[in-house]
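In: Build me a model from this:
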Amino acid sequence: MTEDKRLIVDSEKIKKAATSGVPLSLTTYVLPHEMILYMNDVLTCFLTSLNQAHMTDYLVYCLNELSTNAKKANTKRIYFLEKNLDINNPEDYEEGMKTFKMDMLENLSYFLEKQREAGLYIKVVFVAKNNNIKLEVRNNSELNIFEYKRIHDKICRAHTYTSMEEALDKVVDDTEGAGLGFILMILMLKKIGLTDESYQIFVENKETVVRVELPFLDKRSKDFDVVSKELLKHIEDLPSFPENIVEINRLIVDPDSDMAEIASFINNDVALTADLIKMVNSAAFRPANPVQNVLSAVKMVGLDGLRNLLFSLGTFKLLGENTEEKRQMWVHAHKVAFFSHTLASSFCATDKNIMSDAYVCGLLHDIGKVIFTTTHTEAMRKLVSITQQKNISFQVIEQMIAGSNHEILGARIAEKWNFPKPIIASIKYHHSPEEAPKEYKKLTTLIALANQLCGYLDEKITFQQVYLACRETFGLQNEMQFQSLAEKTNLAYIRSEEKSKQF
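Out: Alright, predicted model coming up:
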């Protein structure tokens, strides 16, 4: 799903190395973009083989930061030679660093070719032993005392910060261009077990070696299940679910109520009636003829389907789309909802419960993100450009700022509003479907697949990052099958969107 040449990962070879404790080594001279993608894919496969896929976003960022810094260190040696400056001389080092960044960016291709000619390389090593993961980034340019002091200073400062916001406010180091990125890396790694002893930088056999060693991590450790006081207060302050929808829900679960009575009650609320008819006529449901009234809508989706649609409408009303960011989230949510409903029709057509729940679960899977972005607006504004430049995932950022993930927040909201258990489960586990309760595992895995298909189409994830539970549950053995499913479902979505505009 990208124009970059994608190197093929030998999954079986990586799995064998990961599980047998054999080091995996990758070497590059100029670190082109396709090599970065390949290294990320190898690391993703490596961690998945060890059942540590939840560490992927953190360690991929770490790998990219360290390998880029290693490349810069090699480039710096070429630059100083070109300038006839001694990189180990204090005056020369200070003089060269004044112009290094700008000159490097303006003539990067030239300096990279010189690096190749000089045989300067970057080597990445992954190894797993004794329930520990070791990541090394090596380059054959020996670290000098000035660089060591700068790195040591960044590490010390990173350990003094208690939050990402504090780091964003205080870090200013543009001389070498990696001040904030390096500190964010240390803060991220602390979240998954980094200690003072587990990060090392040293020179060995004329190579600079940066080594990160981390223990295997239980994904549901306490750090992943802590909700900040600020977010808890925000959830507690949310208004109760709309009373008219609560009352309709009471009628739906009342065995003495019939469809006509329920439809009549809904008709008393003009706005709700309009919203419900609009949703039933949307792309996902694809009625043969436009639905014109509430009773027809109820007959079409059934009482369980109606109940789910009302939860969706109530959520949208309360959380709204009063910012562009929220609007984009709801656009994504509606697309995932369509994909979920379409996948259910393809894979679970005989399962009445999944067919009934798929659309609403897809629509509401990310409601925690809305709360997160609303609560942390200032921090989010500062992080937008950084996350785009450094390809940090949303989940890592929210974990760094709030001490929680949006799926946990979303589940808390759904519980507050007394949502049905299938919806709560799909919200809470759509990023970890393998952990969902047995009775909701297939539904949750389907929602996770719909979300990942959309992410794949938007080039936000690669096939190697698709959850193993999704691949196994729905028989997606290779990328060709996955890509075909993504494109087929997306084509149906585009056609249905065009058709719905005609109603």
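In: Near residue 88, how many other residues are there?
Out: The local packing of residue 88 (other C-beta atoms under 10 Å) involves 12 other residues. Backbone N, C-alpha and C define where each C-beta goes, glycine included.
In: How about residue 297?
Out: Count around residue 297 with other C-beta under 10 Å applied: 24.
In: What backbone torsions are found at it?
Out: phi -60, psi -40 (degrees, to the nearest 10).
In: List the contacts of the residue lying closest to it once chain neighbours are set aside.
Out: Distances taken as C-beta to C-beta, 6 or more residues apart in numbering put residue 280 closest to residue 297, at 4.4 Å, once the chain neighbours are dropped. Going by C-beta atoms under 8 Å, 6 or more residues apart in numbering, residue 280 touches 287, 291, 297, 300-301, 309.
In: which one of those is nearest residue 344?
Out: residue 301 (13.3 Å; C-beta to C-beta).
In: For burial, what's the neighbour tally of the closest one?
Out: Residues within reach of residue 301, counting by other C-beta under 10 Å, total 21.
In: Distance of it relative to residue 261?
Out: Residue 301 sits 17 Å away from residue 261, going by C-beta to C-beta, to the nearest Å.
In: Quick one: low-confidence residue ranges for the stretch 251-400 of the chain.
Out: Scanning the stretch 251-400 of the chain for pLDDT under 70 picks out 282-288, 321, 373-400.
In: so residue 431, which of the three states?
Out: When classified by DSSP: H, G, I helix; E, B strand; the rest coil, residue 431 comes out as coil.
In: Touching, residue 6 and residue 35? I think so.
Out: No. Using C-beta atoms under 8 Å as the test, residue 6 is too far from residue 35 to be in contact (11.0 Å).
In: So between those two, which is more surrounded?
Out: residue 35 (18 against 15).
In: Buried residues, the host helix or strand of residue 98. List them.
Out: Per DSSP states H and E: residue 98 is located in helix 90-106. Across helix 90-106, burial judged by 16 or more other C-beta atoms under 10 Å covers 93, 96-97, 100-101, 103-104.
In: just the residues you listed now: which is nearest residue 251?
Out: Looking at the buried residues of helix 90-106 and their distance to residue 251, the nearest is residue 101, at 66.5 Å (C-beta to C-beta).
In: tell me the pLDDT at that closest one?
Out: Listed pLDDT for residue 101 reads 89.
In: for residue 433, same thing?
Out: 90.
In: can you pull the contacts of it?
Out: Residue 433 makes contact with 441, 444-445, 447-448, 467, 469-470, 473, according to C-beta under 8 Å, 6+ apart.
In: And the protein, what are its domain boundaries?
Out: As given by automatic domain parsing, the domain ranges for the chain are 11-217, 224-239+321-500.
In: Kindly compare burial across these and name the winner.
Out: domain 224-239+321-500 (a mean of 19; mean count of other C-beta atoms under 10 Å).
In: Of the contacts of residue 433, which belong to strands?
Out: Using DSSP state E, no member of the contacts of residue 433 falls in strands.
In: So which of those is the closest to residue 428?
Out: Checking the contacts of residue 433 one by one against residue 428 (C-beta to C-beta), the nearest turns out to be residue 444, at 8.3 Å.
In: my guess is that closest one contacts residue 431, does it?
Out: No. Residue 444 is beyond contact range of residue 431, at 9.9 Å (criterion: C-beta under 8 Å).
In: residue ranges for the helices of the stretch 151-300 of the chain, please.
Out: 164-170, 179-191, 229-237, 243-253, 259-267, 270-280, 294-319 (DSSP state H, counting those that start in this stretch).
In: out of those, which comes closest to residue 336?
Out: Of the helices of the stretch 151-300 of the chain, nearest to residue 336 by C-beta to C-beta is helix 294-319, at 12.3 Å.
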